[in-house]
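Participant: show me how the following folds:
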Amino acid sequence: QNLTNMVWAFATAGVHANELYAAVADEAMRQQLHGFNPQGYANIVWSFATAGVRADKLYSAVADEAVRLKLRGFNQQNLTNMVWAFATAGVHANELYAAVADEAMRQQLHGFNPQGYANIVWSFATAGVRADKLYSAVADEAVRLKLRGFNQQNLTNMV
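Facilitator: Modelled structure (predicted):
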């Protein structure tokens, strides 16, 4: 939790601290991600992607662990932040994307808001991952909502 909070704060503040990121990635790997929860998995990769710091082993470990856990306990924000991070960093993780699409559908997109809809489809499209059922469900929900709550950026990201 402390590792994740630290890099999240640095990424959010836009502070470049490559040595810190490297140390955090090394420590998280040394600990084998022990003690991480769904928000921690999502936040650590979000932080690295936001900071533009490569950490392929960390991304791989997070993807493997999230898939192993079958994304149990991951909410809408955890799911979208995680795939956003992988797409932004250009990290391929087909099993993770498949698991996220399945979990989002299992949850019937419960808890998603317009930004969440936009981010998840943007992430899949950016990563070049097909998820036809997910795209269709998001489109249906956007139409059902009559696009209420969607801003210009959400709409642009979705189309």
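Participant: tell me how many other residues surround Leu69.
Facilitator: When counting by other CB atoms under 10 Å, one arrives at 14 neighbours for Leu69. C-betas here are computed from N, CA, C, even on glycine.
Participant: which outside residues touch the helix or strand of the chain with the lowest mean pLDDT?
Facilitator: Sorting the helices and strands of the chain by mean pLDDT, DSSP states H and E puts helix 152-158 at the bottom, at a mean of 76. For helix 152-158, the external contacting residues (CB atoms under 8 Å, 6 or more residues apart in numbering) are Pro114, Gln115, Tyr117, Ala118, Asn119, Val121, Trp122, Val138, Ala142, Leu147, Phe150.
Participant: kindly recompute the last result at 7 Å.
Facilitator: Helix 152-158 is contacted by residues Pro114, Gln115, Tyr117, Ala118, Val121, Trp122, Ala142 when judged by CB atoms under 7 Å, 6 or more residues apart in numbering.
Participant: buried sites along it?
Facilitator: Applying a neighbour-count criterion of 16 or more other CB atoms under 10 Å, one finds Asn154, Asn157, Met158 buried in helix 152-158.
Participant: and the contacts of helix 152-158, which is closest to Asp102?
Facilitator: Val121 (15.4 Å; CB to CB).
Participant: export the least confident helix or strand of the chain as CSV, just CAs?
Facilitator: What follows is helix 152-158, C-alpha atoms only, in CSV (Å, rounded to 0.1, in the frame of the first residue of the first chain):
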residue,chain,number,x,y,z
GLN,A,152,-16.8,16.0,-25.5
GLN,A,153,-13.6,14.0,-24.5
ASN,A,154,-15.7,11.0,-23.5
LEU,A,155,-17.5,11.0,-26.9
THR,A,156,-14.2,11.5,-28.8
ASN,A,157,-12.5,8.7,-27.0
MET,A,158,-15.5,6.3,-27.7
